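J.: coordinates only, sequence not included:
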C-alpha cells in the first residue's frame, strides 16, 4: 500500500507578507486529518509506503517497479516513515509557535515565553569535521516561524574559500 499526503499550506499561509491571513484563515489552514493519516501510515511502514515529499515520487516508483529487492524496499519504507514523522513534527511545531504568538500568550497567567518549544531544523550542509577532525558535524537552519526572513549566518552564501568545518 502507498499513502501520499500533502498537508494544508499552514507555514506559507501564516508567513504571507503581501496579504497576511486573518486568525480564522490561519486556523482553517491547520491540517488535522493529514497528519493523522501520515502518522498511521508511517507507524505501519513495514507494509505501507508513506510519501510526504514530491521529490520522493520517482524513487518510490522505481523501487515499486521492481528495481529494488525486498530488503531495499523495507529500508526505503523505514526512511520514508522517519521523513513522515519529521515532517509532521515540524508542521506541528509551526502551528504551536503560531498559536502561542497569536493568542495563547495573551493569558496573563502564562509565562511570557512558551513553557515548551520544539524547534524545527533543516540540514543546510554537512561539515568537513566537528570540533575535532575525527568528529562528524552538520549545519542546520532554524525553520521556526520567528526566523522566517530573519537572515543570519544560516542563510548566507559562501562565495569562495574552504568549505565550513
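T.: Nice, thanks for sending it over. No experiment lies behind these values; they were computed from the predicted model shown. Numbering: from 1, shown residues only.
J.: Tell me which stretches of this structure form strands.
T.: All strands of the chain, identified by DSSP state E, fall at 2-4, 49-51, 121-127, 137-142.
J.: Could you list the paired strands of the third one along with their orientation?
T.: When pairing is defined by DSSP bridges, strand 121-127 lines up against strand 137-142 (antiparallel).
J.: re the thing from before, so for residue 97, which of the strands of the chain sits nearest?
T.: Closest approach to residue 97 among the strands of the chain (CB to CB): strand 137-142, 11.1 Å. In short, each C-beta sits where N, CA and C put it, glycine included.
J.: Figure out which of the strands of the chain is closest to residue 113.
T.: Residue 113 lies closest, by CB to CB, to one member of those: strand 137-142, at 16.0 Å.
J.: picking up where we left off before, quick one, which of the strands of the chain is nearest to residue 14?
T.: Comparison of the strands of the chain against residue 14 by CB to CB identifies strand 137-142 as nearest, at 16.2 Å.
J.: what's the average pLDDT for that closest one?
T.: Strand 137-142 shows a mean pLDDT of 90 in the predicted model.
J.: So what's the gap between that strand and the chain middle?
T.: Put simply, strand 137-142 sits 14 Å off its chain's centre (CA atoms, centre = their mean, to the nearest Å).
J.: per-residue confidence averaged over the longest helix along the chain?
T.: If you go by DSSP state H, the chain has its longest helix at helix 70-101. Taken as a whole, helix 70-101 has a mean pLDDT of 96.
J.: what angle do that helix and strand 121-127 make?
T.: If you take axes from the mean of the first three to the mean of the last three CA atoms, to 10 degrees, helix 70-101 sits at 120 degrees to strand 121-127.
J.: Pull out the buried positions in helix 70-101.
T.: Across helix 70-101, burial judged by 16 or more other CB atoms under 10 Å covers 73, 76-77, 80-81, 83-85, 87-88, 90-98, 100.
J.: which regions of this protein sit below the pLDDT cut-off?
T.: Low-confidence segments of the chain, defined by pLDDT under 70: 104-111, 154, 165.
J.: Fine by me, thanks again.
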